[in-house]
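**Q** Below is the sequence, then the predicted model.
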Amino acid sequence: MKIFLIAIGGKVMSELALYLKLQGHTVLGSDDEIFEPTRSRLIESQLMPEKLGWDPKRIDTSIEAIILGKHAFKDNPELLRAKELNIPVYSFPEYIQGLITNKKRIVVSGTCGKTTTTALIINALEQHGLDPDYLIGGEWKCKSKSGLKLSNSSIIVLEGDEYVSSALDDTPKMYYYNPDILIVNNIYWDHINVFSDFTSYRKIFIEYFSMLSKDTIVIYNQEDATVNEIVDKSFNFIRVPFTTPEYHVCGNRYIVAHNGNEFFTNLLGRHNMQNIAAAASACQAIGIDINKFYKYTENFTGIRNRMELVAHSEEASLYVDFAHNYAKVRETLKAFKETFPDAPLIACLELYNYSCSSFEYIPLLREGLVFADYVIIYISPHNKRASELLMLSADQLMDIINIHENIHFSSTKEGLIAFVNQLPYRKKTIVMMSSGNFDHISFNKIMV
């Protein structure tokens with residue numbers, strides 16, 4: 001079969017392309033920009049487009065299927081040509097659906113904690129010798145591991161994102177995965193560019209739950225009010241609640257207690273203890289002894305850019321985190337305050353994505369930023385989504401966020417570095433939060 005991937009440069013899109021080639025298909029693709037390490041991977045597998053950019057001449061009637069990546073827009077010239085020729089067009093999750101129908105499917109959903117919970121389950125299943133397939137949105141710290149693994153395994157663990165599947169397909173990605181076991185950690189408003197208010201965001205979870213079969217095991221956070229409200233509706237599935245496990249912090253390390261036994265974890269924060277509890281319930285549902293699960297978790301080192309320590313000195317510890325909505329910012333900063341209660345907490349937040357760049361959404365960030373002793377808000381001059389924010393003065397931005405007087409705004413990475421370095425705090429914790437990259441800032445310069 002001849003398959004063409006529009007936006008092949010995406011992490012999981014490139015991995016799907018490699019899988020399809022190994023299955024014997026003829027695979028082609030395109031993208032307008034491809035970064036490392038994906039670029040090298042595509043070159044090595046002879047899947048790198050001859051030139052970057054979109055060219056409708058690449059699309060002809062010999063192509064039997066188009067897979068559309070999330071970075072391609074409706075007016076993409078290759079997509080338009082494919083539609084003219086009536087070539088079937090699939091979104092990534094729609095295509096994945098056809099590859100996993102005969103597998104036992106564990107899907108992790110909710111607003112926060114999906115990637116970490118997914119990784120915890122994969123880690124436990126691998127150590128238990130089950131060798132699962134998986135789809136995960138984050139990047140493993142082990143560079144040899146991919147975000148997509150497909151094989152003849154009888155089980156797959158999928159991160160069930162609620163975002164739309166593609167420019168042509170408004171279906172939330174998770175709808176395509178038809179879980180045998182579903183985890184829902186929490187539900188907070190997110191993706192403001194798609195869901196204009198919390199009611200519309202909440203609705204997709206109600207619809208998702210209504211689609212589940214009576215045999216689906218739903219593992220849900222009993223401490224989340226919105227999750228409980230939805231689960232309590234008269235849906236016909238198997239309910240398995242979980243709560244935050246008993247834990248304590250000892251010397252900046254988290255110890256989880258279960259059935260009289262104690263297990264340590266490299267993860268930080270109450271929200272990650274909930275992620276562990278959710279993953280434990282999922283593994284227990286497929287027959288793994290829960291004490292074995294907790295023992296497996298002691299070896300789990302986490303996912304890149306999830307509360308990841310990237311630099312350390314006698315004066316400071318610097319972490320990076322993917323927090324990019326109000327709930328994630330809140331849970332991340334609460335976790336650092338709980339872990340390092342005596343260390344000054346410096347929160348650097350880049351207003352990068354649609355939610356963080358929205359005048360309506362920004363005030364919600366207050367409930368998380370108040371946990372920091374000092375806040376630096378970074379707005380990149382290259383970020384078109386934040387162009388309106390760049391036109392505001394510092395006083396106007398202060399009025400919008402309105403937390404405390406220890407707040408600074410910067411639109412250059414040099415200014416951010418200089419400001420952090422002149423702060424008088426010693427032995428401080430610095431947390432860089434963004435779904436972007438602070439314009440490829442040098443973390444070592446912050447640690448000077």
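**A** Good, I have the coordinates.
**Q** can you tell me which residues contact Leu130?
**A** When contacts are counted by CB atoms under 8 Å, 6 or more residues apart in numbering, Leu130 is found next to 153, 155. Where C-beta positions appear, they are placed from N, C-alpha and C, glycine not excepted.
**Q** what about the helices in the stretch 151-300 of the chain?
**A** Using DSSP state H, counting those that start in this stretch, the helices of the stretch 151-300 of the chain run over 198-211, 225-231, 270-285, 290-297.
**Q** got the CA positions of the second one in CSV?
**A** In CSV, the C-alpha atoms belonging to helix 225-231 read as follows (Å, rounded to 0.1, in the frame of the first residue of the first chain):
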residue,chain,number,x,y,z
ALA,A,225,-15.4,17.0,41.9
THR,A,226,-16.1,17.1,38.1
VAL,A,227,-14.9,13.6,37.5
ASN,A,228,-17.2,12.3,40.3
GLU,A,229,-20.1,14.3,39.0
ILE,A,230,-19.8,12.7,35.5
VAL,A,231,-19.1,9.2,36.8
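**Q** before we move on, the earlier item: possible to save the helices of the stretch 151-300 of the chain as a markdown table with distance to Ala65, mean neighbour count and mean pLDDT?
**A** Formatted as a markdown table, the entries for the helices of the stretch 151-300 of the chain read as follows, by distance: least, CB to CB, whole Å; neighbours: other CB atoms under 10 Å; pLDDT from 0 to 100:
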| stretch | distance to Ala65 | mean neighbour count | mean pLDDT |
| --- | --- | --- | --- |
| helix 198-211 | 25 | 16 | 96 |
| helix 225-231 | 35 | 17 | 95 |
| helix 270-285 | 32 | 24 | 98 |
| helix 290-297 | 38 | 18 | 96 |
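**Q** Any chance of a markdown table for those helices, columns distance to Ile238?
**A** Compiled in a markdown table, these are given as follows (distance: least, CB to CB, whole Å):
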| stretch | distance to Ile238 |
| --- | --- |
| helix 198-211 | 12 |
| helix 225-231 | 11 |
| helix 270-285 | 9 |
| helix 290-297 | 18 |
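**Q** Leu345: which of those is closest?
**A** Checking these against Leu345 by CB to CB gives helix 270-285 as the closest, at 15.9 Å.
**Q** coming back round to it: which one of the helices of the stretch 151-300 of the chain lies closest to Pro341?
**A** The closest of the helices of the stretch 151-300 of the chain to Pro341 is helix 270-285. By CB to CB, the value is 13.7 Å.
**Q** quick one, that closest one and helix 290-297 angle?
**A** 130 degrees (axes from the mean of the first three to the mean of the last three CA atoms, to 10 degrees).
**Q** Work out the gap between helix 270-285 and the centre of the chain.
**A** Distance of helix 270-285 from its chain centroid, counting by CA atoms, centre = their mean, to the nearest Å, is 17 Å.
**Q** do the same with stretch 116-123
**A** Its chain's C-alpha centre and that of stretch 116-123 lie 12 Å apart, by CA atoms, centre = their mean.
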